[in-house]
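Q: Based on what follows, work out the 3D shape:
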Amino acid sequence: MQDPNADTEWNDILRKKGILPPKETPVEEEEDEQLHLQSQSVVKTYEDMTLEELEENEDEFSEEDEHAMEMYRQKRLAEWKANQMKNVFGELKEISGQDYVQEVNKAGEGIWVVLHLYKQGIPLCSLINQHLAQLAHKFPQSKFLKSISSTCIPNYPDRNLPTLFVYRDGEMKAQFIGPLVFGGMNLTCDELEWRLSESGAVKTDLEENPKKQIQDQLMTSIRCSAHTHRDGEEDSDED
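A: Alright, predicted model coming up:
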């Protein structure tokens, strides 16, 4: 005799026609479903409350309410952790032209991608790779990539190196092309971080542009030197 609870197309047809009774739900599944519905009901009751209101009503929580709330909290925490782990990178990854579509265009919704086109033997490229490795560790939610220019873009001119492309959702949001843009070998990691933060690729904790500090110090030094020079000339005239 055929089991009326078996998962078969024939039994499904018979159930739809009312010939067979609805499929029995295992006791464990029923309990899980009731607990889930209960947690939704409890959360819906209290989710609009402020912290003060929750504290005021805490004494009214039954043991079942607290269990349901804890179950919901653990579920949401697990979902958050899983989502965070999916979008953690933390290192400067080498790619080739064949990896471009997968690593850049399909990086994921809302993911910032920083791609460095470089060539071995160019000191500034090496410096930027060092800085990007540090920034990749500091900003693991952003994706940092490097690729030898000729393998990523055939015949890409060396005069344009180093080059940084910044993408989000497969669209280019910023580009930094050529050594003059970076200011040469004096480029610091903080300065590069600031430039990337201006494009949106990272959320920096720097309070102001490090380059501006250097420029301000330079201008102060020039003004002091000019002032000292004028004072020296005035003293000479008096003599």
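
Q: tell me the domain ranges of the chain?
A: 22-71, 92-202, 208-239 (automatic domain parsing).

Q: how about low-confidence regions in this protein?
A: Counting by pLDDT under 70, the chain has low-confidence residues at 1-7, 17, 19-20, 23-62, 64-66, 68-69, 72, 79-87, 212-239.

Q: which residues in it form helices?
A: Under the criterion DSSP state H, helices of the chain are mapped to 9-16, 27-46, 51-57, 63-86, 100, 123-138, 149-152, 179-182, 189-199, 210-238.

Q: So for the first one, what gets flagged as buried?
A: Applying a neighbour-count criterion of 16 or more other C-beta atoms under 10 Å, the buried positions in helix 9-16 are residue 11. Placement of C-beta: from N, CA and C, glycine included.

Q: how close does the closest residue to residue 150 other than its chain neighbours get to residue 117?
A: Of all residues not flanking residue 150 in the chain, residue 156 sits nearest, at 6.3 Å (C-beta to C-beta, 6 or more residues apart in numbering). Shown here: residue 156 relative to residue 117, a distance of 6 Å by C-beta to C-beta, to the nearest Å.

Q: Of these two, which one has the most company?
A: Higher neighbour count among residue 156 and residue 117: residue 117, with 22 against 17, using other C-beta atoms under 10 Å.

Q: doesn't residue 168 make contact with residue 110?
A: Yes: shown here, residue 110 and residue 168 form a contact pair, counting by C-beta atoms under 8 Å, at 7.3 Å.

Q: check contacts around residue 158.
A: Residue 158 is in contact with 119, 122, 149, counting by C-beta atoms under 8 Å, 6 or more residues apart in numbering.

Q: May I ask which of the residues you listed has the most neighbours?
A: The member of those that has the most neighbours, counting by other C-beta under 10 Å, is residue 149 with 22 neighbours.

Q: Surely that residue is in contact with residue 163?
A: Yes: counting by C-beta under 8 Å, residue 163 is a contact partner of residue 149 at 7.2 Å.

Q: who touches both of these two?
A: In contact with both residue 149 and residue 163: 117-118, 156, using C-beta under 8 Å, 6+ apart.

Q: What is the nearest of the residues you listed to residue 198?
A: Distance to residue 198 across those (C-beta to C-beta) is lowest for residue 117, with 19.7 Å.

Q: Now do that closest one against residue 160, distance only.
A: Taking C-beta to C-beta as the criterion, residue 117 is separated from residue 160 by 8 Å.

Q: For residue 95, give me its contacts.
A: Counted by C-beta under 8 Å, 6+ apart, residue 95 has contacts 103, 145-147, 152.

Q: hmm, I was thinking of residue 75
A: By C-beta under 8 Å, 6+ apart, no residues touch residue 75.
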